[in-house]
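Engineer: quick one: sequence and predicted model below, then my questions.
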Amino acid sequence: MADITITPGQISGILSEAIKHKISVLFAGESGIGKTEETEKTGREKLGAYMDCRLASKEPVDFMGIPKEVNGFTRFITPEFLPNAERDGPTGLFAMDEFGDGPPATLIATQQLILERKIGSYIFPEGWHMCAMMNRKEHGGVNRGLSYALQNRFMHVTVVADSAELQTHFISKGVDPIVTSFLKMHSNLMHKRPEKGTGNWAWPSPRNWERLSAVRQGNPDKSIKFQLYASLVGEGAAAEFTAHEQVADQVPDPERCIKEPKKTMVPEHPSAQYAIAVSLAHWMTPDNMVNVMEYLKRMPAEYSVTSILEARKIKPEIAETEAFGTWAMENVDIVLG
């Protein structure tokens with residue numbers, strides 16, 4: 001039977017429970033979908049500190065520490081990448097990334113650390129917790145394999161990308177609305193790892209779409225813009241995005257939509273409509289919500305609904321306004337759904 005499957009947004013809940021019961025979790029999944037980001041966020045929020053290491057670049061001696069004679073006995077100098085309560089704080093999360101890519105001898109060295117919370121002369125701090133992340137072979141990882149003994153030291157969870165969840169995540173992080181509107185209509189390109197042997201090293205992933213968004217928002221020179229996009233998500237996805245971009249660039253200024261909701265142009269193309277809906281979700285506040293909704297009324301219902309519901313996720317206080325209450329009563333099935 002396969003491991004339990006979750007989305008990146010559920011990592012926090014799983015990890016929080018594991019921390020409560022002092023169980024180490026191994027998160028496996030495709031690269032670039034947010035495993036490390038969500039793990040770090042949870043560690044800092046729940047425990048106040050986060051440290052990590054990449055097992056692919058570690059040797060057993062890195063965990064044991066360099067031996068040193070002290071009063072006729074051999075002691076090991078604790079490596080800096082391992083948590084130290086005095087230096088790093090009394091509580092925190094220590095994550096071992098690229099876990100399946102670690103050399104076999106290094107993986108063996110981690111067994112004692114994970115199970116006994118000590119290795120060599122080092123004792124893992126009481127208030128700290130451990131987890132690991134990896135890409136299995138089917139996810140494109142090297143994955144030298146884990147022994148049954150090592151497998152049995154973890155709670156195992158497989159993380160899979162979810163397009164709808166990632167859309168919300170992108171909007172909350174301020175990813176370019178043109179990018180989010182493109183991925184809404186091309187969800188198959190949210191994460192698409194190339195087949196082995198194709199020679200394509202650049203390919204679409206949530207991580208690379210965020211990078212492309214940053215590049216686009218930096219207004220790159222038009223003569224190299226496509227090359228920049230292709231270097232991140234590959235030529236095929238870049239070509240489709242560029243075509244979408246040319247249409248979606250017709251999006252009106254959000255500030256003008258708010259100031260003149262009845263006069264500002266509503267774009268005709270669905271891509272541009274979705275882009276302005278996403279943009280207005282970011283701009284919406286309790287103070288301007290009446291004007292924003294006045295503009296959204298002029299758009300197809302699916303886009304106005306998307307904008308209002310996403311705005312509520314970003315700013316929950318919007319749900320307390322009279323304007324939202326009126327809209328919710330008129331769309332009760334959508335709100336409850």
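Structural biologist: That came through fine.
Engineer: and the residue nearest to residue 217 when sequence neighbours are not counted, backbone torsions?
Structural biologist: With sequence-adjacent residues excluded and distances taken as Cβ to Cβ, 6 or more residues apart in numbering, residue 217 is closest to residue 176, at 5.5 Å. All C-beta spots, glycine's among them, are computed from the backbone N, C-alpha and C. In terms of degrees, to the nearest 10, the main-chain angles of residue 176 are phi -50, psi 130.
Engineer: one more: residue 128?
Structural biologist: Phi and psi for residue 128, reported as degrees, to the nearest 10, are phi -100, psi 150.
Engineer: got the confidence number for it?
Structural biologist: pLDDT, residue 128: 97.
Engineer: wait, it touches residue 83, no?
Structural biologist: Yes: with contact defined as Cβ atoms under 8 Å, residue 128 counts as touching residue 83 (4.8 Å).
Engineer: tell me, what's touching the two both at once?
Structural biologist: Jointly contacting residue 128 and residue 83 under the rule Cβ atoms under 8 Å, 6 or more residues apart in numbering are 92, 94.
Engineer: hey, where'd the helices end up in the stretch 1-150 of the chain?
Structural biologist: Using DSSP state H, counting those that start in this stretch, the helices of the stretch 1-150 of the chain run over 11-20, 35-47, 60-64, 85-88, 104-116, 148-151.
Engineer: low-scoring stretches of the stretch 101-250 of the chain, by residue?
Structural biologist: Residue ranges of the stretch 101-250 of the chain with pLDDT under 70: 139-144, 197.
Engineer: pull out the buried positions in the helix or strand that residue 247 is a member of.
Structural biologist: Using DSSP states H and E, the element containing residue 247 is helix 235-248. By 16 or more other Cβ atoms under 10 Å, the buried positions in helix 235-248 come out as 237-238, 240-241, 244-245, 247-248.
Engineer: what are the phi and psi angles of the residue in the chain sticking out farthest from the centre?
Structural biologist: Among residues of the chain, the one most distant from the C-alpha centroid is residue 72; the distance is 49.9 Å, by Cα atoms, centre = their mean. Main-chain torsions, residue 72, degrees, to the nearest 10: phi 80, psi 0.
Engineer: can you give the domain ranges for this protein?
Structural biologist: As recorded under automatic domain parsing, the domains making up the chain are 4-159, 163-336.
Engineer: who touches the helix holding residue 247?
Structural biologist: With Cβ under 8 Å, 6+ apart as the test, helix 235-248 has contacts from 177-179, 181-182, 185-186, 189, 192, 203-204, 212, 216, 225-226, 229-230, 232-233, 269, 271-272, 275.
Engineer: mind doing that once more with 6 Å?
Structural biologist: Applying Cβ atoms under 6 Å, 6 or more residues apart in numbering, the set of residues contacting helix 235-248 from outside is 178, 181-182, 189, 204, 226, 229-230, 269, 271-272, 275.
Engineer: got a list of what residue 313 touches?
Structural biologist: Neighbour list for residue 313: residue 168 [criterion: Cβ under 6 Å, 6+ apart].
Engineer: separation between the nearest residue to residue 38 once chain neighbours are set aside and residue 273?
Structural biologist: Once flanking residues are discounted, residue 38 sits nearest to residue 11: 4.1 Å by Cβ to Cβ, 6+ apart. Distance, residue 11 to residue 273, using Cβ to Cβ, to the nearest Å: 33 Å.
Engineer: more neighbours: which of the two?
Structural biologist: Under the criterion of other Cβ atoms under 10 Å, the comparison of residue 11 against residue 273 puts residue 11 first, with 25 against 22.
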